[in-house]
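Q: below is the structure, and that's it, no one-letter string:
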(Lines give C-alpha, C1' and ligand atoms only; values in the text may rest on other atoms or scores of the structure.)
Protein backbone atom coordinates (compact mmCIF):
# COMPACT_ATOMS: atom_id res chain seq x y z
CA UNK A 1 0.00 0.00 0.00
CA UNK A 2 1.38 3.39 -1.08
CA UNK A 3 2.04 6.08 1.65
CA UNK A 4 1.61 9.86 1.03
CA UNK A 5 4.83 11.82 1.74
CA UNK A 6 4.20 15.46 2.86
CA UNK A 7 5.75 18.09 0.49
CA UNK A 8 8.22 20.58 1.97
CA UNK A 9 7.27 24.28 1.84
CA UNK A 10 10.20 25.69 -0.20
CA UNK A 11 8.68 29.16 -0.38
CA UNK A 12 8.86 29.59 3.39
CA UNK A 13 12.49 28.52 3.43
CA UNK A 14 13.36 31.02 0.72
CA UNK A 15 11.75 33.88 2.67
CA UNK A 16 13.68 32.96 5.81
CA UNK A 17 16.99 32.93 3.92
CA UNK A 18 16.32 36.35 2.35
CA UNK A 19 15.43 37.82 5.74
CA UNK A 20 18.63 36.52 7.29
CA UNK A 21 20.62 38.03 4.38
CA UNK A 22 19.02 41.47 4.82
CA UNK A 23 19.74 41.47 8.55
CA UNK A 24 23.35 40.46 7.95
CA UNK A 25 23.73 43.21 5.33
CA UNK A 26 22.31 45.76 7.78
CA UNK A 27 24.86 44.81 10.43
CA UNK A 28 27.68 45.04 7.90
CA UNK A 29 26.47 48.47 6.72
CA UNK A 30 26.22 49.72 10.30
CA UNK A 31 29.74 48.71 11.19
CA UNK A 32 31.02 50.03 7.89
CA UNK A 33 29.33 53.45 7.79
CA UNK A 34 28.05 54.33 11.26
CA UNK A 35 30.56 53.06 13.71
CA UNK A 36 32.94 55.48 15.34
CA UNK A 37 35.78 55.24 12.80
CA UNK A 38 39.08 56.94 13.68
CA UNK A 39 41.99 57.76 11.42
CA UNK A 40 45.53 58.84 12.17
CA UNK A 41 46.76 61.82 10.15
CA UNK A 42 49.99 63.79 10.18
CA UNK A 43 49.78 67.41 11.27
CA UNK A 44 51.89 68.31 8.24
CA UNK A 45 49.16 67.02 5.91
CA UNK A 46 46.44 69.30 7.23
CA UNK A 47 45.93 73.03 7.78
CA UNK A 48 44.47 74.20 11.08
CA UNK A 49 43.13 77.71 11.75
CA UNK A 50 41.52 79.36 14.78
CA UNK A 51 38.03 80.87 14.93
CA UNK A 52 38.33 84.59 15.65
CA UNK A 53 36.05 87.51 16.36
CA UNK A 54 36.80 90.44 14.12
CA UNK A 55 35.29 92.93 11.71
CA UNK A 56 33.74 91.24 8.68
CA UNK A 57 33.46 92.91 5.30
CA UNK A 58 31.70 91.21 2.44
CA UNK A 59 33.80 91.89 -0.63
CA UNK A 60 34.82 90.25 -3.87
CA UNK A 61 38.08 90.34 -5.80
CA UNK A 62 38.47 90.37 -9.57
CA UNK A 63 40.87 91.52 -12.26
CA UNK A 64 40.28 94.72 -14.23
CA UNK A 65 41.95 96.50 -17.13
CA UNK A 66 42.66 100.19 -17.71
CA UNK A 67 40.72 101.68 -20.63
CA UNK A 68 40.02 105.27 -21.77
CA UNK A 69 37.14 106.91 -19.93
CA UNK A 70 35.34 107.70 -23.20
CA UNK A 71 35.59 105.83 -26.51
CA UNK A 72 33.76 106.16 -29.81
CA UNK A 73 33.39 103.55 -32.55
CA UNK A 74 34.46 104.51 -36.07
CA UNK A 75 31.67 103.21 -38.33
CA UNK A 76 31.37 103.05 -42.10
CA UNK A 77 28.70 105.49 -43.32
CA UNK A 78 28.56 104.48 -46.99
CA UNK A 79 29.56 100.91 -47.76
CA UNK A 80 32.35 100.26 -50.21
CA UNK A 81 35.84 98.87 -50.80
CA UNK A 82 38.87 100.49 -49.14
CA UNK A 83 40.70 102.49 -51.82
CA UNK A 84 43.19 104.33 -49.63
CA UNK A 85 44.24 104.09 -45.98
CA UNK A 86 45.33 107.53 -44.75
CA UNK A 87 46.34 106.84 -41.11
CA UNK A 88 47.73 103.91 -39.13
CA UNK A 89 46.48 102.15 -36.01
CA UNK A 90 47.52 103.97 -32.83
CA UNK A 91 47.76 107.40 -34.50
CA UNK A 92 46.62 110.55 -32.70
CA UNK A 93 44.05 112.20 -34.98
CA UNK A 94 42.11 115.47 -34.94
CA UNK A 95 38.37 115.88 -35.44
CA UNK A 96 37.55 115.91 -39.18
CA UNK A 97 40.88 114.34 -40.20
CA UNK A 98 40.47 111.86 -43.11
CA UNK A 99 41.05 108.24 -42.08
CA UNK A 100 40.21 106.11 -45.11
CA UNK A 101 38.85 106.54 -48.64
CA UNK A 102 36.22 104.10 -49.94
CA UNK A 103 35.00 103.33 -53.45
CA UNK A 104 31.63 101.97 -54.57
CA UNK A 105 30.86 102.36 -58.33
CA UNK A 106 27.20 101.36 -58.11
CA UNK A 107 26.47 103.75 -55.23
CA UNK A 108 28.32 106.61 -56.94
CA UNK A 109 26.35 106.01 -60.15
CA UNK A 110 23.14 106.02 -58.09
CA UNK A 111 24.18 109.34 -56.52
CA UNK A 112 24.82 110.83 -59.96
CA UNK A 113 21.41 109.67 -61.24
CA UNK A 114 19.64 111.08 -58.20
CA UNK A 115 21.51 114.38 -58.52
CA UNK A 116 20.56 114.70 -62.21
CA UNK A 117 16.93 113.92 -61.41
CA UNK A 118 16.81 116.54 -58.64
CA UNK A 119 18.39 119.19 -60.87
CA UNK A 120 15.83 118.41 -63.61
CA UNK A 121 12.99 118.81 -61.10
CA UNK A 122 14.42 122.16 -59.99
CA UNK A 123 14.62 123.37 -63.61
CA UNK A 124 11.01 122.35 -64.30
CA UNK A 125 9.79 124.15 -61.20
CA UNK A 126 11.74 127.28 -62.11
CA UNK A 127 10.21 127.19 -65.62
CA UNK A 128 6.73 126.96 -64.09
CA UNK A 129 7.53 129.87 -61.81
CA UNK A 130 8.71 131.95 -64.75
CA UNK A 131 5.56 131.08 -66.74
CA UNK A 132 3.43 132.32 -63.86
CA UNK A 133 5.35 135.59 -63.76
CA UNK A 134 4.96 135.99 -67.56
CA UNK A 135 1.25 135.32 -67.26
CA UNK A 136 0.95 138.08 -64.66
CA UNK A 137 2.96 140.40 -66.89
CA UNK A 138 0.66 139.76 -69.87
CA UNK A 139 -2.42 140.48 -67.75
CA UNK A 140 -0.83 143.70 -66.55
CA UNK A 141 -0.23 144.71 -70.17
CA UNK A 142 -3.88 143.98 -70.99
CA UNK A 143 -4.98 146.08 -68.03
CA UNK A 144 -2.85 149.02 -69.22
CA UNK A 145 -4.48 148.77 -72.64
CA UNK A 146 -7.97 148.63 -71.09
CA UNK A 147 -7.21 151.61 -68.84
CA UNK A 148 -6.09 153.54 -71.93
CA UNK A 149 -9.36 152.75 -73.69
CA UNK A 150 -11.28 153.77 -70.57
CA UNK A 151 -9.48 157.14 -70.43
CA UNK A 152 -10.30 157.79 -74.06
CA UNK A 153 -13.93 156.89 -73.41
CA UNK A 154 -14.00 159.35 -70.48
CA UNK A 155 -12.52 162.16 -72.65
CA UNK A 156 -15.00 161.43 -75.41
CA UNK A 157 -17.82 161.43 -72.87
CA UNK A 158 -16.83 164.86 -71.49
CA UNK A 159 -16.53 166.36 -74.99
CA UNK A 160 -19.82 164.91 -76.24
CA UNK A 161 -21.60 165.97 -73.04
CA UNK A 162 -20.76 169.62 -73.80
CA UNK A 163 -21.88 169.20 -77.40
CA UNK A 164 -25.08 167.52 -76.24
CA UNK A 165 -25.76 170.28 -73.75
CA UNK A 166 -25.39 172.81 -76.58
CA UNK A 167 -27.73 170.67 -78.65
CA UNK A 168 -25.05 170.19 -81.26
CA UNK A 169 -24.77 166.38 -80.73
CA UNK A 170 -27.73 164.25 -81.57
CA UNK A 171 -29.44 162.18 -78.90
CA UNK A 172 -28.49 158.98 -80.67
CA UNK A 173 -24.75 159.80 -80.65
CA UNK A 174 -24.95 160.87 -77.03
CA UNK A 175 -26.47 157.52 -76.05
CA UNK A 176 -23.69 155.72 -77.89
CA UNK A 177 -21.10 157.78 -76.01
CA UNK A 178 -22.64 156.88 -72.64
CA UNK A 179 -22.80 153.20 -73.60
CA UNK A 180 -19.17 153.23 -74.71
CA UNK A 181 -18.03 154.71 -71.37
CA UNK A 182 -20.11 152.22 -69.39
CA UNK A 183 -18.65 149.35 -71.39
CA UNK A 184 -15.05 150.48 -70.84
CA UNK A 185 -15.74 150.98 -67.15
CA UNK A 186 -17.14 147.46 -66.76
CA UNK A 187 -14.35 146.07 -68.88
CA UNK A 188 -11.73 147.76 -66.66
CA UNK A 189 -13.40 146.55 -63.41
CA UNK A 190 -13.66 143.00 -64.73
CA UNK A 191 -9.97 142.96 -65.71
CA UNK A 192 -8.90 144.35 -62.31
CA UNK A 193 -10.95 141.68 -60.53
CA UNK A 194 -9.50 138.97 -62.79
CA UNK A 195 -5.95 140.17 -62.18
CA UNK A 196 -6.55 140.24 -58.40
CA UNK A 197 -7.77 136.63 -58.37
CA UNK A 198 -4.97 135.56 -60.70
CA UNK A 199 -2.38 137.16 -58.43
CA UNK A 200 -3.78 135.35 -55.38
CA UNK A 201 -3.72 132.02 -57.21
CA UNK A 202 -0.25 132.65 -58.59
CA UNK A 203 1.06 133.67 -55.15
CA UNK A 204 -0.11 130.32 -53.76
CA UNK A 205 1.48 128.43 -56.65
CA UNK A 206 4.75 130.34 -56.30
CA UNK A 207 4.81 129.63 -52.56
CA UNK A 208 4.33 125.90 -53.21
CA UNK A 209 7.02 125.97 -55.90
CA UNK A 210 9.42 127.75 -53.51
CA UNK A 211 8.72 125.13 -50.81
CA UNK A 212 9.35 122.33 -53.29
CA UNK A 213 12.57 124.01 -54.42
CA UNK A 214 13.72 124.31 -50.79
CA UNK A 215 13.07 120.58 -50.20
CA UNK A 216 14.91 119.65 -53.41
CA UNK A 217 17.80 121.93 -52.41
CA UNK A 218 18.07 120.21 -49.02
CA UNK A 219 17.92 116.80 -50.70
CA UNK A 220 20.62 117.88 -53.11
CA UNK A 221 22.82 119.12 -50.27
CA UNK A 222 22.30 115.87 -48.34
CA UNK A 223 23.07 113.85 -51.44
CA UNK A 224 26.31 115.75 -51.96
CA UNK A 225 27.18 115.26 -48.28
CA UNK A 226 26.56 111.52 -48.68
CA UNK A 227 28.96 111.51 -51.61
CA UNK A 228 31.57 112.94 -49.23
CA UNK A 229 31.01 109.96 -46.87
CA UNK A 230 33.25 107.84 -49.08
CA UNK A 231 36.03 109.83 -47.40
CA UNK A 232 35.67 108.63 -43.79
CA UNK A 233 36.74 111.28 -41.25
CA UNK A 234 37.41 111.22 -37.49
CA UNK A 235 34.22 112.22 -35.58
CA UNK A 236 36.27 113.44 -32.57
CA UNK A 237 39.90 114.02 -31.66
CA UNK A 238 41.68 111.13 -29.96
CA UNK A 239 43.84 108.04 -30.39
CA UNK A 240 42.86 105.53 -33.05
CA UNK A 241 42.82 101.92 -31.87
CA UNK A 242 41.66 98.58 -33.27
CA UNK A 243 41.86 100.18 -36.72
CA UNK A 244 41.39 97.33 -39.20
CA UNK A 245 40.84 98.99 -42.58
CA UNK A 246 42.26 96.51 -45.12
CA UNK A 247 42.99 97.77 -48.63
CA UNK A 248 40.57 96.30 -51.16
CA UNK A 249 38.24 94.83 -48.54
CA UNK A 250 34.55 95.73 -48.83
CA UNK A 251 32.74 96.99 -45.72
CA UNK A 252 29.01 97.42 -45.26
CA UNK A 253 27.35 100.61 -44.04
CA UNK A 254 27.29 100.71 -40.23
CA UNK A 255 30.22 98.28 -39.88
CA UNK A 256 32.87 99.29 -37.35
CA UNK A 257 36.52 99.44 -38.47
CA UNK A 258 38.08 100.95 -35.36
CA UNK A 259 37.73 102.89 -32.13
CA UNK A 260 38.66 106.43 -31.11
CA UNK A 261 39.82 106.80 -27.51
CA UNK A 262 39.17 110.30 -26.19
CA UNK A 263 42.27 111.18 -24.15
CA UNK A 264 40.41 112.74 -21.23
CA UNK A 265 40.93 110.23 -18.43
CA UNK A 266 40.80 106.49 -17.74
CA UNK A 267 38.54 103.90 -16.13
CA UNK A 268 38.75 100.24 -15.13
CA UNK A 269 36.75 97.59 -17.00
CA UNK A 270 36.24 94.14 -15.48
CA UNK A 271 34.50 90.89 -16.44
CA UNK A 272 32.82 89.54 -13.27
CA UNK A 273 31.24 86.14 -12.59
CA UNK A 274 27.46 86.18 -13.10
CA UNK A 275 26.99 84.93 -9.49
CA UNK A 276 27.55 88.54 -8.35
CA UNK A 277 25.18 90.16 -10.87
CA UNK A 278 22.57 91.10 -8.25
CA UNK A 279 25.18 92.13 -5.67
CA UNK A 280 27.16 94.75 -7.61
CA UNK A 281 25.45 98.15 -7.63
CA UNK A 282 26.26 101.65 -8.82
CA UNK A 283 28.43 103.77 -6.49
CA UNK A 284 29.78 100.75 -4.60
CA UNK A 285 33.33 101.46 -3.49
CA UNK A 286 36.48 99.43 -3.77
CA UNK A 287 40.26 99.56 -3.81
CA UNK A 288 43.19 98.66 -6.03
CA UNK A 289 46.83 98.24 -5.11
CA UNK A 290 48.95 100.39 -7.43
CA UNK A 291 52.59 99.52 -6.71
CA UNK A 292 51.99 99.41 -2.97
CA UNK A 293 49.69 102.42 -2.93
CA UNK A 294 45.96 101.95 -2.21
CA UNK A 295 43.74 103.84 -4.67
CA UNK A 296 39.97 104.08 -4.19
CA UNK A 297 37.60 103.22 -7.05
CA UNK A 298 33.83 103.41 -7.53
CA UNK A 299 31.36 101.50 -9.72
CA UNK A 300 30.01 103.81 -12.45
CA UNK A 301 28.34 101.32 -14.81
CA UNK A 302 27.02 97.73 -14.67
CA UNK A 303 26.17 96.02 -17.96
CA UNK A 304 23.75 93.19 -17.02
CA UNK A 305 24.15 91.26 -20.28
CA UNK A 306 25.82 87.93 -19.44
CA UNK A 307 28.31 86.46 -21.93
CA UNK A 308 30.12 83.17 -21.24
CA UNK A 309 29.04 83.34 -17.60
CA UNK A 310 30.35 86.89 -17.02
CA UNK A 311 29.07 90.46 -17.10
CA UNK A 312 30.89 93.79 -17.49
CA UNK A 313 31.54 96.36 -14.76
CA UNK A 314 33.07 99.85 -15.20
CA UNK A 315 34.86 101.59 -12.30
CA UNK A 316 36.16 105.16 -11.98
CA UNK A 317 39.19 106.28 -9.99
CA UNK A 318 38.07 108.17 -6.88
CA UNK A 319 41.09 110.38 -6.29
CA UNK A 320 42.13 113.94 -7.03
CA UNK A 321 45.73 112.89 -7.44
CA UNK A 322 46.97 112.55 -11.01
CA UNK A 323 47.68 108.88 -11.71
CA UNK A 324 50.22 107.60 -14.20
CA UNK A 325 48.08 105.10 -16.08
CA UNK A 326 48.61 103.19 -19.29
CA UNK A 327 45.88 101.59 -21.36
CA UNK A 328 45.83 97.80 -21.03
CA UNK A 329 47.42 97.65 -17.56
CA UNK A 330 45.75 95.08 -15.27
CA UNK A 331 44.86 95.69 -11.61
CA UNK A 332 43.18 93.52 -8.99
CA UNK A 333 40.03 95.15 -7.58
CA UNK A 334 38.73 94.61 -4.04
CA UNK A 335 35.05 95.65 -4.19
CA UNK A 336 33.16 96.02 -0.90
CA UNK A 337 29.59 94.70 -0.88
CA UNK A 338 28.79 95.64 2.75
CA UNK A 339 30.13 97.68 5.67
CA UNK A 340 32.26 96.42 8.57
CA UNK A 341 30.45 94.31 11.17
CA UNK A 342 31.69 92.34 14.20
CA UNK A 343 31.34 88.59 13.59
CA UNK A 344 32.84 85.14 14.25
CA UNK A 345 35.21 84.38 11.38
CA UNK A 346 36.82 81.23 10.07
CA UNK A 347 39.60 81.43 7.46
CA UNK A 348 38.59 79.97 4.11
CA UNK A 349 39.78 76.57 2.95
CA UNK A 350 39.02 73.61 0.69
CA UNK A 351 36.88 71.86 3.32
CA UNK A 352 33.84 73.86 2.13
CA UNK A 353 33.80 72.08 -1.21
CA UNK A 354 33.65 68.70 0.58
CA UNK A 355 31.05 69.48 3.28
CA UNK A 356 29.10 72.38 1.68
CA UNK A 357 29.76 74.20 4.97
CA UNK A 358 27.46 71.88 6.95
CA UNK A 359 30.14 70.45 9.30
CA UNK A 360 33.81 70.80 10.19
CA UNK A 361 36.54 69.01 12.15
CA UNK A 362 37.17 70.79 15.46
CA UNK A 363 40.64 70.10 16.94
CA UNK A 364 41.28 69.67 20.67
CA UNK A 365 44.21 67.88 22.35
CA UNK A 366 45.46 66.46 19.02
CA UNK A 367 42.05 64.98 18.28
CA UNK A 368 39.63 66.30 15.63
CA UNK A 369 35.90 65.62 15.99
CA UNK A 370 33.12 66.30 13.50
CA UNK A 371 30.72 69.09 14.44
CA UNK A 372 27.75 70.58 12.61
CA UNK A 373 28.02 74.30 11.93
CA UNK A 374 26.07 77.05 10.17
CA UNK A 375 28.00 79.32 7.80
CA UNK A 376 26.63 82.67 6.58
CA UNK A 377 28.30 85.18 4.30
CA UNK A 378 31.79 84.91 2.89
CA UNK A 379 34.52 86.98 1.34
CA UNK A 380 37.73 85.86 -0.36
CA UNK A 381 39.45 85.42 3.03
CA UNK A 382 36.82 84.37 5.62
CA UNK A 383 33.52 82.60 6.26
CA UNK A 384 31.06 84.16 8.68
CA UNK A 385 30.11 81.64 11.42
CA UNK A 386 26.46 81.82 12.49
CA UNK A 387 26.50 78.94 14.98
CA UNK A 388 28.41 75.79 16.00
CA UNK A 389 31.82 77.31 16.86
CA UNK A 390 33.31 79.52 19.55
CA UNK A 391 36.11 82.08 19.54
CA UNK A 392 39.53 80.43 19.74
CA UNK A 393 38.46 76.93 18.67
CA UNK A 394 40.81 75.24 16.21
CA UNK A 395 39.35 73.96 12.93
CA UNK A 396 40.83 71.94 10.09
CA UNK A 397 40.29 74.06 6.96
CA UNK A 398 42.14 71.91 4.40
CA UNK A 399 40.39 69.34 2.18
CA UNK A 400 38.27 66.58 3.80
CA UNK A 401 38.00 64.37 0.72
CA UNK A 402 40.01 61.53 2.36
CA UNK A 403 38.07 61.66 5.67
CA UNK A 404 34.43 62.03 4.63
CA UNK A 405 33.39 58.75 6.39
CA UNK A 406 35.64 59.24 9.41
CA UNK A 407 34.06 60.32 12.70
CA UNK A 408 37.24 61.66 14.31
CA UNK A 409 40.92 62.10 13.51
CA UNK A 410 43.99 61.45 15.62
CA UNK A 411 46.56 64.10 14.80
CA UNK A 412 50.17 62.99 14.96
CA UNK A 413 53.00 65.47 15.32
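A: On my side now, so go ahead. The structure displayed is predicted, hence computed values, not measured ones.

Q: can I see the domain layout of this structure?
A: 36-57+341-412, 59-66+262-336, 72-104+230-251, 107-228 (automatic domain parsing).

Q: what is the burial count for residue 395?
A: Residue 395: 22 surrounding residues under other Cβ atoms under 10 Å. In short, each C-beta sits where N, CA and C put it, glycine included.

Q: surely it meets residue 48?
A: Yes. At 6.9 Å, residue 395 counts as touching residue 48 under the criterion of Cβ atoms under 8 Å.

Q: any shared contact partners between these two?
A: Both residue 395 and residue 48 are contacted by residue 363, under the criterion Cβ atoms under 8 Å, 6 or more residues apart in numbering.

Q: ok, the one residue sitting closest to the centre of the chain to residue 213 distance?
A: Geometric centre of the chain, nearest residue: residue 303, 8.9 Å, by Cα atoms, centre = their mean. According to Cβ to Cβ, to the nearest Å, residue 303 and residue 213 sit 49 Å apart.

Q: repeat that for residue 228.
A: 23 Å.

Q: which one of these two has more residues nearby?
A: Of the pair residue 228 and residue 213, residue 213 is the one with more neighbours under other Cβ under 10 Å, namely 15 against 11.

Q: off-centre distance for the one helix or strand that one maps to?
A: Assigned by DSSP states H and E, residue 213 belongs to helix 171-228. Taking Cα atoms, centre = their mean, to the nearest Å, one finds helix 171-228 lying 56 Å from the centre of the chain it belongs to.

Q: distance of the nearest residue to residue 136 once chain neighbours are set aside relative to residue 332?
A: Ranked by Cβ to Cβ, 6 or more residues apart in numbering and with sequence neighbours excluded, the top spatial neighbour of residue 136 is residue 202, at 5.9 Å. Distance of residue 202 to residue 332, computed by Cβ to Cβ: 79 Å.

Q: OK, contacts around the nearest residue to residue 88 once chain neighbours are set aside?
A: What sits nearest to residue 88 in space, not counting adjacent residues and going by Cβ to Cβ, 6+ apart, is residue 243, at 7.3 Å. By Cβ under 8 Å, 6+ apart, the contact list for residue 243 reads 74, 87-91, 99, 257-259.

Q: dihedrals phi and psi, residue 243?
A: phi -80, psi 110 (degrees, to the nearest 10).

Q: hey, where'd the strands end up in the stretch 251-400 of the chain?
A: 256-273, 285-290, 293-307, 310-317, 330-336, 341-347, 359-364, 367-372, 374-378, 382-387, 394-396 (DSSP state E, counting those that start in this stretch).

Q: of these, which is nearest residue 192?
A: strand 256-273 (67.7 Å; Cβ to Cβ).

Q: buried set for the closest one?
A: Residues 257-261, 266-270, 272 are the ones in strand 256-273 that count as buried (16 or more other Cβ atoms under 10 Å).

Q: take the domains of the chain and lay them out in JSON lines including mean pLDDT.
A: Shown next, in JSON lines, are the domains of the chain (pLDDT from 0 to 100):
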{"stretch": "domain 36-57+341-412", "mean pLDDT": "91"}
{"stretch": "domain 59-66+262-336", "mean pLDDT": "91"}
{"stretch": "domain 72-104+230-251", "mean pLDDT": "88"}
{"stretch": "domain 107-228", "mean pLDDT": "87"}
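
Q: other SSEs contacting the one helix or strand residue 161 maps to?
A: Using DSSP H and E, the element containing residue 161 is helix 105-165. Contacts defined by 3 or more Cβ pairs under 8 Å, 6 or more residues apart in numbering; DSSP states H and E place helix 105-165 against helix 171-228.
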